[in-house]
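Peer 1: missing the sequence, but the structure's below:
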C-alpha cells in the first residue's frame with residue numbers, strides 16, 4: 001500500500017529542548033516554530049495528550065529549525081484548551097474516578113465539526129498575523145487526524161494534509177477529500193479500514209503502515225530512547241517533510 005518517497009532523515013533526540021515560541025492565535029495558546037517569514041505554514045493538531053515534548057520536537061523537525069529546509073513555520077494550537085488526557089487514566093489498575101474522568105474526556109472531544117471550524121479560523125488568523133504565509137497544510141496525530149480528514153473536503157483552505165497513527169478512521173471520510181493526503185498508520189489501527197480509506201482517496205496520496213510501531217510512535221507515546229522507535233519517528237517525519245515540500 002506504500003508508494004515510493006524520497007525522504008530525508010531528520011535527527012530526533014531523546015532529551016530535547018523545544019526551539020519555538022509560545023504565542024496566542026485566535027484566542028488559543030499556540031506553539032510556533034520556524035522562520036516567521038516563511039511562505040508556508042503547517043497547522044499541527046496534537047494527540048490527546050496535548051503539548052508533549054515529542055510533538056514539539058516533531059513540529060521543530062517539520063519547520064526545519066536544524067536543517068536547510070526552513071521554508072515552513074509550524075503552529076500547534078491548544079485545540080483542547082488545556083483539557084488533555086492524563087497518563088494515569090490508562091493504567092491497568094486505574095481507580096474508578098480516573099476511569100470515569102477518561103470516559104468524560106473522550107465524550108467531550110468528539111465534536112469534530114467545531115474542530116473543523118476552529119481550523120478554518122486559525123488559517124485566517126495566521127494569515128493576518130503572518131502575511132508572508134501563502135499556503136497551508138495540516139498534520140494530525142491520533143485524534144487530530146480525524147479533523148484533518150474532515151477539513152480537507154470541498155472549499156478547504158489547505159493545500160495538503162497528513163494523518164499520523166490516525167484514530168476514529170472511517171473510510172467514507174476519504175470520499176470527500178479534495179487535496180493530497182499522506183497517511184502513516186501504526187500496528188494499532190484497523191488495517192481493513194485503513195485499506196478502504198486508501199482505496200477511497202481520489203487525490204494524490206502516500207499511505208504506509210509502520211507494522212512494527214505502536215499507536216503514538218510519532219507523538220506523545222514516542223519512546224525516543226528506543227532505537228527502533230527513534231528510527232521510525234525520524235523516518236516518519238522525513239516522509240511528511242517531503243510530502244509537504246512537494247504539495248505546499
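Peer 2: Thanks, I have it. Please read these numbers as outputs of a predicted model, since none were measured by experiment.

Peer 1: where exactly do the helices run in the protein?
Peer 2: In the chain, the segments counted as helices under DSSP state H are 53-63, 96-108, 112-129, 143-151, 191-200, 227-247.

Peer 1: could I get those helices as a markdown table with mean pLDDT and mean neighbour count?
Peer 2: For every residue, glycine as well, the C-beta is placed using N, CA and C. A markdown table is the format used below for the helices of the chain (pLDDT from 0 to 100; neighbours: other CB atoms under 10 Å):
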| stretch | mean pLDDT | mean neighbour count |
| --- | --- | --- |
| helix 53-63 | 96 | 24 |
| helix 96-108 | 90 | 12 |
| helix 112-129 | 95 | 17 |
| helix 143-151 | 96 | 25 |
| helix 191-200 | 97 | 16 |
| helix 227-247 | 97 | 20 |
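
Peer 1: tabulate the ones you listed in TSV, adding columns for distance to residue 219.
Peer 2: Output for these, formatted as TSV (distance: least, CB to CB, whole Å):
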stretch	distance to residue 219
helix 53-63	5
helix 96-108	17
helix 112-129	17
helix 143-151	9
helix 191-200	17
helix 227-247	9
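
Peer 1: right, so of these, which gets closest to residue 82?
Peer 2: Among the helices of the chain, the nearest to residue 82 by CB to CB is helix 96-108 (12.1 Å).

Peer 1: quick one: contacts for the spatially most central residue of the chain?
Peer 2: Nearest to the mean C-alpha position of the chain, counting by CA atoms, centre = their mean, stands residue 140 at 2.6 Å. Residues near residue 140 by CB atoms under 8 Å, 6 or more residues apart in numbering: 45, 146-149, 161-164, 166.
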